[in-house]
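Participant: When you get a sec, could you give me coordinates for this:
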Amino acid sequence: MIDIKLIRENPGLVKENIRKKFQDEKLVLVDEVKALDEEYRALRKKVDDLRGQKNAASKNIGKLMGQGLKEEAEAAKAEVKKLGEEIAECETKEPQLEEEIRKRMLIIPNIIDASVPIGKDDSENVEIEQFGTKREINCEIPYHADIMESFDGLDLDSARKTSGNGFYYLCGDIARLHSSILSYARDFMINKGFTYCVPPFMIRSEVVTGVMSFKEMENMMYKIEGEDLYLIGTSEHSMIGRFIDTINDESKLPYTLTSYSPCFRKEVGAHGIEERGVYRIHQFEKQEMIVICKPEESMDWYNKMWKMSVELFLSLNIPVRTLECCSGDLADLKVKSCDVEAWSPRQQKYFEVCSCSNLGEAQARRLKIRVKGENGNYLPHTLNNTVVAPPRMLIAFLENNYNEDGSINIPEVLRPYMGGQEKIVKK
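Facilitator: Presented below is the predicted three-dimensional model:
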C-alpha cells in the first residue's frame, strides 16, 4: 500500500505507475481516493471546529447561570445538544470514509523501482545472467515422476484416493532426499547469519490482507471454515505478520530470518494440476528467507538474497539463471522482483524454483510495522526469497544429477544429510 501523500501531492506519478503495470482500469481509483480523502479531511476539520464551538458554548452556560440569565442558559444548553448531535453524526461518517479510502488504497499497486523493465506479462521478463555449467548427459532423461517411481519414491495413485489431484506420497530415498535438501537449506541460511524459525501455519485475515494483494489471496489461500484463519501459502506470510502493530528498535535491524513451513495453495487460475507430476501441487514444503531492514539498505539486501539462492543451487550441481520480472508480472505489493530458474536437461529449458522480492514499505504500512529511529518512527522495508521449495526443486535436482544407469549422484554438501551416500540407486 502506497503512502496516501503520493495521491495528495503527485497523483500523476501514481497513475503513470498504474499504466506501467498495464492496469488502466485502476486509474479511476486515484481520483476516487483523492476526492474521498479531501472529504475526509474536510470532515475532520468540521468536527474539530464543532468541538471548539461546543466547548465554548458549554463554558458559557455556567457564566449565564451565574448571572441569573436562565433563559439564555437554556438556549446555550440547546445549542450544546445540537452541536453534540452534529458531532456524533460526523463521527459516524468518519470510519465509513476511512474504510472506503482503505479499500481502494489496498488495490492501487505499489510504485515500482525505476530499474524494472516495462512489459505486459511474464513473456516479457528479461534474463539477467546464467550461472553454472550445464552437464553433458549422454542418455535420455526420464520424466521426473518416472525417476521418482523407479526408486519406489512416489505414489500419486494413493494420494488421489486420499486427497485428490495435486497431492502425493514421497517414500524411501526420495522422501529422505526431500528432507535432506530442506535440512541442508536450513543450515546453509543459518551459516549466512540468518535466525531459524518455525512459524504458525495458519494466520488471521488481517495478516493475510497485510502481506498480499486480494488477487493473490483469492487464487492462493485456503480458508478454515467457521474460523478467521487461513492456511499459509508461504511462511513469509506469518513471518512478516509476526511484527504486526509493533515499534522496533532501529539498532536491531536488519532482522534476517529463515523459516521452514508446509505451504498450501489452491492454484486457482493455474494451467491445471498435473496428474503424474509434482511441479504444480496443492501442498509442498519450503525454506524461506525474510529480511526487514532500513529503507536505504533494501536494494543491497535484495541483491544479496537472490545471490544466496544461486550459490545454494550451484552447490547442488544445478545450473540456474536469474530473470528480472517485468512491470506487468509484478504482484501489486512488489517494488522489484526476480526469479531464479533451474536448468532442466530433459526439457532443455529453465523453470522457476525461487522468487526474490523487495516490497518496499507496503507490507509495513498495511501491518503497522514501525521502527523507532533517531529522528522519529518510520516504516521499514520487507523482502523475501525462496531458499528451496521441494518437491518442485527435486525435479531439477534429479535431472541434473541423473546417471545413465538410473542412479542419482548425491553432491558432497548433501551427503552428511543422506547418511554419507554418494549415490542413490534403483531398488
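Participant: so where do the strands sit in the stretch 151-300 of the chain?
Facilitator: Secondary structure of the stretch 151-300 of the chain (DSSP state E, counting those that start in this stretch): strands located at 154-155, 169-170, 195-197, 202-203, 222-223, 230-231, 246-249, 255-264, 283-293.
Participant: Work out the gap between the fifth one and the centre of the chain.
Facilitator: Right, strand 222-223. In terms of CA atoms, centre = their mean, to the nearest Å, the gap separating the centre of strand 222-223 from the centre of its chain is 16 Å.
Participant: what sits up against that strand?
Facilitator: Residues outside strand 222-223 that contact it (CB atoms under 8 Å, 6 or more residues apart in numbering): 229-231, 264-266. C-beta here means a position set from N, CA and C on the backbone, and glycine is covered the same way.
Participant: Partner strands of that strand, with direction?
Facilitator: Taking DSSP bridges as the criterion, strand 222-223 forms sheet pairs with strand 230-231 (antiparallel).
Participant: And the contacts of the strand it pairs with?
Facilitator: Strand 230-231 is contacted from outside by 201-205, 208, 221-224, 264, using CB under 8 Å, 6+ apart.
Participant: What score does residue 270 have for pLDDT?
Facilitator: pLDDT for residue 270: 52.
Participant: next one: residue 61
Facilitator: 79.
Participant: Hmm, residue 252 and residue 294 touching each other?
Facilitator: No: applying CB atoms under 8 Å as the test, residue 294 and residue 252 come out as separate, 11.2 Å apart.
Participant: what about those two, which has more around it?
Facilitator: The neighbour comparison of residue 294 against residue 252 (other CB atoms under 10 Å) goes to residue 294, with 15 against 9.
Participant: and the more buried one, what are its phi and psi?
Facilitator: phi -70, psi 150 (degrees, to the nearest 10).
Participant: residues in contact with it?
Facilitator: Counting by CB under 8 Å, 6+ apart, residue 294 has contacts 250, 253-254, 371, 380-381.
Participant: hmm, back to that, now the contacts of strand 222-223 in JSON lines, with neighbour count and distance to residue 336?
Facilitator: Shown next, in JSON lines, are those (neighbours: other CB atoms under 10 Å; distance: CB to CB, whole Å):
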{"residue": "229", "neighbour count": "17", "distance to residue 336": "31"}
{"residue": "230", "neighbour count": "20", "distance to residue 336": "27"}
{"residue": "231", "neighbour count": "19", "distance to residue 336": "28"}
{"residue": "264", "neighbour count": "19", "distance to residue 336": "27"}
{"residue": "265", "neighbour count": "20", "distance to residue 336": "23"}
{"residue": "266", "neighbour count": "16", "distance to residue 336": "27"}
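Participant: CSV for the residues you listed, including distance to residue 417 and pLDDT?
Facilitator: Listed next are the contacts of strand 222-223 as CSV, based on distance: CB to CB, whole Å; pLDDT from 0 to 100:
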residue, distance to residue 417, pLDDT
229, 33, 95
230, 32, 94
231, 28, 95
264, 25, 94
265, 26, 91
266, 32, 90
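Participant: from those residues, which is closest to residue 113?
Facilitator: residue 265 (26.9 Å; CB to CB).
Participant: how close does the closest one sit to residue 285?
Facilitator: 12 Å (CB to CB, to the nearest Å).
Participant: Kindly report the same for residue 98.
Facilitator: Taken as CB to CB, the span from residue 98 to residue 285 is 40 Å.
Participant: Have a look at the two and say which one is more surrounded.
Facilitator: The residue with more neighbours, out of residue 98 and residue 285, is residue 285; 17 against 13, by other CB under 10 Å.
Participant: Name the nearest residue to residue 8, ignoring sequence neighbours.
Facilitator: Take residue 8 and drop its neighbours on the chain: the residue closest to it by CB to CB, 6 or more residues apart in numbering is residue 37, 6.5 Å away.
Participant: how about the one you found, phi and psi?
Facilitator: phi -60, psi -40.
Participant: where do the helices sit along the stretch 101-250 of the chain?
Facilitator: 144-150, 156-162, 172-191, 205-211, 214-220, 235-241 (DSSP state H, counting those that start in this stretch).
Participant: so what does the second one touch, helix or strand wise?
Facilitator: Spelled out, it's helix 156-162. strand 169-170 (3 or more CB pairs under 8 Å, 6 or more residues apart in numbering; DSSP states H and E).
Participant: which other helices and strands contact the strand it packs on?
Facilitator: strand 154-155, helix 156-162.
Participant: Which one, of these, ends up nearest to residue 60?
Facilitator: helix 156-162 (76.8 Å).
Participant: ok so, going back, figure out which of the helices and strands packed on strand 169-170 is closest to residue 25.
Facilitator: Per CB to CB, nearest to residue 25 of the helices and strands packed on strand 169-170: helix 156-162, 39.3 Å.
Participant: Count the residues that sit near residue 247.
Facilitator: Residue 247, neighbours per other CB under 10 Å, totals 11.
Participant: now do the same end-to-end measure for stretch 115-122.
Facilitator: 16 Å (CA to CA, to the nearest Å).
Participant: contact partners of it?
Facilitator: With CB under 8 Å, 6+ apart, stretch 115-122 has contacts from 20, 22, 124-126, 324-330, 335-336.
Participant: If we use 10 Å, what do you get?
Facilitator: 19-22, 112, 124-126, 299, 323-330, 334-339, 352 (CB atoms under 10 Å, 6 or more residues apart in numbering).
Participant: Would you mind listing the buried residues in that stretch?
Facilitator: 116, 119 (16 or more other CB atoms under 10 Å).
Participant: Tell me where the model's unsure across the stretch 1-150 of the chain.
Facilitator: Within the stretch 1-150 of the chain, not a single segment meets pLDDT under 70.
Participant: Could you tell me which of the contacts of stretch 115-122 count as buried?
Facilitator: 20-21, 112, 125, 299, 323-330, 334-339.
Participant: and the contacts of strand 230-231 as a markdown table, adding distance to residue 193?
Facilitator: Converted to a markdown table, the contacts of strand 230-231 look like this (distance: CB to CB, whole Å):
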| residue | distance to residue 193 |
| --- | --- |
| 201 | 25 |
| 202 | 29 |
| 203 | 26 |
| 204 | 31 |
| 205 | 33 |
| 208 | 29 |
| 221 | 31 |
| 222 | 34 |
| 223 | 36 |
| 224 | 35 |
| 264 | 30 |
